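**Student:** give me coordinates for this.
(one chain, ligands or ions: 1)
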Amino acid sequence: MVIIQIPVGFMQVFSYIIGCEETRDAIVIDPGADADLIAAKAKEKGLNIKYIFNTHHHFDHTEGNADLKKLTGAKIVLHSLENAQMKGASKADICLNDEKTFKVGNITFQIYFTPGHTSGGLCLYTDGNLFTGDTLFVGDSGRTDLPGGHRPTLGASIRKLMELPDDTIVWPGHDYGRTPSSTIGNEKRTNINAKEYGYYVKD
Ligand SMILES: [Fe+2]
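**Tutor:** As a prediction, the model looks like this:
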């Protein structure tokens, strides 16, 4: 599996290309503002982008949907509650409504429904890697004061993620932490919201 973390746009957004080494099929999580850069990186690695997956509808994560779809022919994937907020060519080709698995090449992702930052937020897990969008950041978690946000709901979503093994790598949707990625175990010990959300573990 190939994982490429790419800073995009002005809001320290992280976009991800995750590719299958055998089939060269790839998924992009949250293209943000820079479709050209992402398409170029995929080409450089010999990866074919088949899906554009949005963790949620916010513009800083979805701005590049239409352009990247035009460049690659990839299908846009969103939760139906998030898709209701999307317009025109950025809208989903495939809507998800539950926590099923999603296959890209030989990679199988487990989809987690993680509302709280927005009403239909999703996270993706595969083989020790968790892509958390604006649900969980390194050292912090997503804001809950925007439409669809709800703090106790976000807490419940993050507690569900905290059931994954401690060495699971956390790949966030923004570069807001001390490091560009973290682990579930590290977030249990150090995340500023760990006590409030009930997943704090002492060092
Ligand atoms: Fe967001």
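**Student:** show me the helices in this structure, by range?
**Tutor:** 35-44, 59-62, 65-72, 80-83, 151-161, 184-190, 194-197 (DSSP state H).
**Student:** so what touches the last one?
**Tutor:** Right, the one you point to is helix 194-197. 141, 154, 155, 158, 159, 187, 188, 200, 201 (C-beta atoms under 8 Å, 6 or more residues apart in numbering). From N, CA and C alone the C-beta is placed, and that goes for glycine too.
**Student:** can you list the residues of this structure near the ion?
**Tutor:** Within the chain, the positions near the ion by C-beta under 5 Å from the ion are 58, 134.
**Student:** hmm, back to that, any chance of the helices of the chain in JSON lines, plus mean pLDDT?
**Tutor:** Converted to JSON lines, the helices of the chain look like this (pLDDT from 0 to 100):
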{"stretch": "helix 35-44", "mean pLDDT": "98"}
{"stretch": "helix 59-62", "mean pLDDT": "96"}
{"stretch": "helix 65-72", "mean pLDDT": "98"}
{"stretch": "helix 80-83", "mean pLDDT": "97"}
{"stretch": "helix 151-161", "mean pLDDT": "98"}
{"stretch": "helix 184-190", "mean pLDDT": "98"}
{"stretch": "helix 194-197", "mean pLDDT": "97"}
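**Student:** present these as TSV; the columns should include mean neighbour count.
**Tutor:** Converted to TSV, those look like this (neighbours: other C-beta atoms under 10 Å):
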stretch	mean neighbour count
helix 35-44	18
helix 59-62	20
helix 65-72	20
helix 80-83	19
helix 151-161	18
helix 184-190	19
helix 194-197	15
